[in-house]
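Participant: okay, here's the prediction I keep looking at, along with the sequence it came from:
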Amino acid sequence: MGKGSSALKQFSSFLAVVTILSFILSACSNDKESSDGSAAPSGNPSKDLHILLSHSNAKYAMQVKDNDPYIKELSKLSGYNLNFEFLGHGNDFTQQMTVRFASGDLPDLIRTDSIDSTMHPGALENGVFADLTDLLDKYGQHIKASIPEEAWKSPRVSKDGKIFGIPTLSALPASRVVYIRQDWLDKLGMDTPVTLDDYLAYFEAVKREDMNGNGDPNDEYGFYVRENLIYSNLFFTEFGAEPGTWYYRDGQLQPGIIQPEIKDSLKFWKQLYDKGYINPNLFTNKASDWEAGIKQGKAGLWVHDVTNYNSNWGLPEFYVNQEGAKVSMIQSPEGPKGHGLSAQGDQIYFVWVVPAANGKAEEAIKFLDWAWSQEADDFFALGIEGNNYKVENGKPVWSLEDPANKDNDASVFYQLSINPRGDGRMSDRVLDVIPNSEAIKGGIETALKDVYPNDGLHMPTLEAFKNRPELVPGTGAGTLFLDMFSKVITGKEPLEPAFDKFVAEWRRRGGDEAIREATDWYRAFHNQ
Amino acid sequence: MLRKFSASDSFMLWLIALPGVLFFLVFKYVPMLGNVIAFQDYNLFTGIAYSPWVGFKHFANMFTYEEFYHILTNTLLLSLYSLLFGFPAPLILALFLNEIRRAWFKRPVQTLLYLPHFLSWVIVGSIFINLLSYDGFLNTLLGKIGVRTVDYLTQPSYFRSILVGMSIWKEMGWGMIIYLAALSGINPNLYEAARVDGAGRFRQMRSITLPCLVPTIVVLFLLRVGNVLDSNVEQVMVMLNPLVSDVGEVIDTYVYRVGLLGAQFSYTTAIAIFKSLVGLLLVVGLNGLSRRTTGESIY
């Protein structure tokens, strides 16, 4: 072979290298195409809104595809070209959002938990978020009319009188209730428990009898507890202190975890554990196992939200192999020092912020204002007319059983996931059409009665906890409190001196610093 | 057909190497410069250029943090156990499998053994939780023969063993592949000669197979030692609960809580630098030791 063909060979291999390189480079520079339901014909780029939010743990949003009909419809109704980008839920959301802010690629409208959230430290001070105060006065009439005055004052939304975030509201001011198996109560011939002793009597009966009828009397527990005491904060306020709540006592703002009343709670919980009234795997019972346990009839009583009545707890078919399963939503027990399940809150579910650099603040406010207007009521409650509901004799006919609403929990998508107002699953319009609305309305009232005061309301994250997650008040994973709690109630360490040791340790490691910081905040916030 | 090695050929080789070199530069070396944020109070929105320099503040914070020595001990113990038990496991498996001469049996077994590698830790975790939990498979089985129920998942004394056991189950088959490849590279003449001399199977393994594997073992060991302060954070998080947190909290779970959930980037970068330094020192030290004693080294 001659020289010419070798040159040709070289040239072709050179071409190959160039091709590969250009592939790699284009992959680097290629901007991520995001899923967008843009069907709105408007080619006007100022009407494009890119929204970053959480899928709120809802099935439909987790699997949403391009050209989704609901996003399309919402785009059509609002006149905006909407593009929703869903991140995870809970800790996943925090983690992904932190990374997202670190990347600097910010969309037009972002869901966060507070304008000075730990997901984006320093964002507010560095002018990342647009000042919305004037725009709200100008274009935000519906927003202003729908959100209570109190919410605007929250440090999660405004700073020094300027508004940087739009609060969205939870479905209800309080939603936690005690769910109890009414059919078990009936079978036992017992009345709805009211006092702590009533609760104990019910737990004892549940332990003794084979309530779920599977032949094994030992596989049901009076109170079914989830890991890290998530949705399991019973028997704390009853004795006078809830771990994650702040109390202004002796001129100091102090967390519940170090209050001496906790000792009474620990004694009570230990009794529940020792007598088998709670599930022995309470520290490893993950959310899915917890739900499965309730499904299989292992739980006589548990704590959760009213909101989930129609999606699981209230449905007889939710329970496996248990004819006539029925639940009631009851109030938490009346203890020697009170009762309560939900700490008094600001009812802010999350906060919208608008990155100033995108220059979309005005359009974002106009869109949100539309979302809060009456015009949008039907969509965020009932979905798409003709698909999710029909209008007969001027009245909407909507059914939860309709596959259009039921499959993949589609109704949760338009009521919660893409609803810019927050959680709309319990709005008046929804309550009018859903099944079991009487029971749910009763549950809502019950939940309201279980609200207890919280002196730490509106308090921002304390500096003292930033490098020390183990000190954060409450029963979170990895906290000193939960360590002590688990050891005491399982009998690995005696209550005395474990609790006092914990308090001393907590104070020494930075707790005292946190209390000073919290007290300063409290005095400044309440103008003392 | 013979061509001379010319200047344009070496240019060609460089060009071919370019993507790889670029990859390491862009994705490995440039990001390393970002480590300077460990010496700053890094703020996302002002960037590296305008964040204030704070010297060794974050390192000082780390060494004065109460839990630090506790989680450092936990991390080291966990690593030590997995090195002690987890490292030889694939080697032993490979030696056993190598003794099987029938391909129709060997191939499927090999595939089945490395299959768990492709499962995520969440799935492997659920499998082990279901096996070991209070009302899990093991307890049900042992209960039938009258053994007292033990909640293995909440016993601090079992925690490390469970973690190491899980890792072995999941990764043993995958690690074995490298050894099998090395085994197939051993000259069969050696075995023939040994057999003629009357060596049995164990003698062959001891005198031929193992010495021939020493280079592979040393390289894998040294690479592994560099990660001595890394724990498998996904695995630990799945298995962690408050009753075992005394032995279960490791550096990586702390970094996850403070860094990713608390956005303390500078602080957690400082911790990562500390981890890398320890790893580097160990690799350099053991590499030198190995070069002097076995003559094998990774560079």
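Facilitator: Sure, I can see it. Residues are numbered from 1 along each chain as shown, chains lettered A, B, ... in the order given.

Participant: okay, CA-based contacts and neighbour counts for the rest of this
Facilitator: Fine.

Participant: so who does A:Asp191 touch?
Facilitator: Residues in contact with A:Asp191 (C-alpha atoms under 8 Å, 6 or more residues apart in numbering or on different chains) are A:Leu185.

Participant: what about the stretch 51-200 of chain A, any weak spots by pLDDT?
Facilitator: Judged against pLDDT under 70, the stretch 51-200 of chain A has no low-scoring part.

Participant: counting neighbours, what do you get for the closest residue to chain B within it?
Facilitator: Chain B sits closest to A:Gln95 of the stretch 51-200 of chain A, with a gap of 5.3 Å, by C-alpha to the nearest C-alpha. Residues lying near A:Gln95 (other C-alpha atoms under 10 Å in any protein chain shown) number 21.

Participant: repeat that for A:Ala151.
Facilitator: 19.

Participant: show me which residues of chain B sit near chain A.
Facilitator: B:1, B:12, B:15-16, B:19, B:43-46, B:66, B:133-134, B:151, B:153-154, B:241-243, B:245, B:249, B:257-258, B:260-264 (C-alpha under 8 Å from any C-alpha of the partner chain).

Participant: weed out the non-buried ones from those residues.
Facilitator: B:12, B:15-16, B:19, B:43-45, B:133-134, B:151, B:153-154, B:241-243, B:245, B:249, B:257-258, B:260-264 (16 or more other C-alpha atoms under 10 Å in any protein chain shown).

Participant: what residue is smack in the middle of chain B?
Facilitator: Central residue of chain B (C-alpha atoms, centre = their mean): B:Arg224, 5.5 Å from the mean position.

Participant: return the distance of it relative to B:Ser290.
Facilitator: B:Arg224 sits 14 Å away from B:Ser290, taking C-alpha to C-alpha, to the nearest Å as the criterion.

Participant: give me the contacts around the helix or strand that contains B:Gln204.
Facilitator: Assigned by DSSP states H and E, B:Gln204 falls within helix B:201-204. Among residues not part of helix B:201-204, those counted as contacts by C-alpha under 8 Å, 6+ apart are B:191, B:194.

Participant: quick one: mean pLDDT for that helix?
Facilitator: Throughout helix B:201-204, pLDDT has a mean value of 89.

Participant: equivalent analysis for stretch A:449-461, please.
Facilitator: pLDDT averaged over stretch A:449-461 gives 92.

Participant: ok, stretch B:90-97 next?
Facilitator: Mean predicted lDDT for stretch B:90-97 stands at 92.

Participant: how far does it sit from its chain's centre?
Facilitator: 18 Å (C-alpha atoms, centre = their mean, to the nearest Å).

Participant: sorry, back to before: what helix or strand is the residue nearest to the centre of chain B located in?
Facilitator: Going by DSSP H and E, B:Arg224 is in helix B:210-225.

Participant: show me what that helix is packed up against.
Facilitator: Contacts defined by 3 or more C-alpha pairs under 8 Å, 6 or more residues apart in numbering or on different chains; DSSP states H and E place helix B:210-225 against helix B:156-184, helix B:265-293.

Participant: so what does A:Asn387 have for phi and psi?
Facilitator: phi -100, psi -50 (degrees, to the nearest 10).

Participant: just checking, it touches A:Ala404?
Facilitator: Yes. Using C-alpha atoms under 8 Å, A:Asn387 and A:Ala404 qualify as a contacting pair, with a distance of 6.7 Å.

Participant: and those two? Which one has more around it.
Facilitator: Higher neighbour count among A:Asn387 and A:Ala404: A:Ala404, with 17 against 14, using other C-alpha under 10 Å.

Participant: where does the more buried one land in three-state SS?
Facilitator: Per DSSP: H, G, I helix; E, B strand; the rest coil, the secondary structure class of A:Ala404 is helix.

Participant: from the chain's centroid, how far away is stretch B:14-29?
Facilitator: Using C-alpha atoms, centre = their mean, the offset of stretch B:14-29 from its chain centre is 25 Å.

Participant: meant to ask about stretch A:411-427, not that
Facilitator: Taking mean C-alpha positions (C-alpha atoms, centre = their mean), stretch A:411-427 and its chain are 13 Å apart.

Participant: likewise for stretch A:389-398?
Facilitator: Using C-alpha atoms, centre = their mean, the offset of stretch A:389-398 from its chain centre is 32 Å.

Participant: show the end-to-end separation of that stretch, please.
Facilitator: This stretch, stretch A:389-398, spans 5 Å end to end (C-alpha to C-alpha).

Participant: which helix or strand contains A:Phe84?
Facilitator: Going by DSSP H and E, A:Phe84 is in strand A:81-87.

Participant: please enumerate the strands of chain B.
Facilitator: In chain B, no strands are defined using DSSP state E.

Participant: by mean pLDDT, point me to the weakest helix or strand of it.
Facilitator: In chain B, the helix or strand scored least confidently by mean pLDDT, DSSP states H and E is helix B:47-50, which has a mean of 86.

Participant: in that one, which residues are buried?
Facilitator: Across helix B:47-50, burial judged by 16+ other C-alpha under 10 Å covers B:Ile48.

Participant: only C-alpha atoms, please: export that helix in PDB.
Facilitator: Extracted C-alpha coordinates of helix B:47-50, given in PDB (Å, rounded to 0.1, in the frame of the first residue of the first chain):
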ATOM      1  CA  GLY B  47     -19.300  33.200  45.000                       C
ATOM      2  CA  ILE B  48     -15.700  32.200  45.700                       C
ATOM      3  CA  ALA B  49     -14.300  35.600  44.600                       C
ATOM      4  CA  TYR B  50     -16.300  37.600  47.200                       C
END
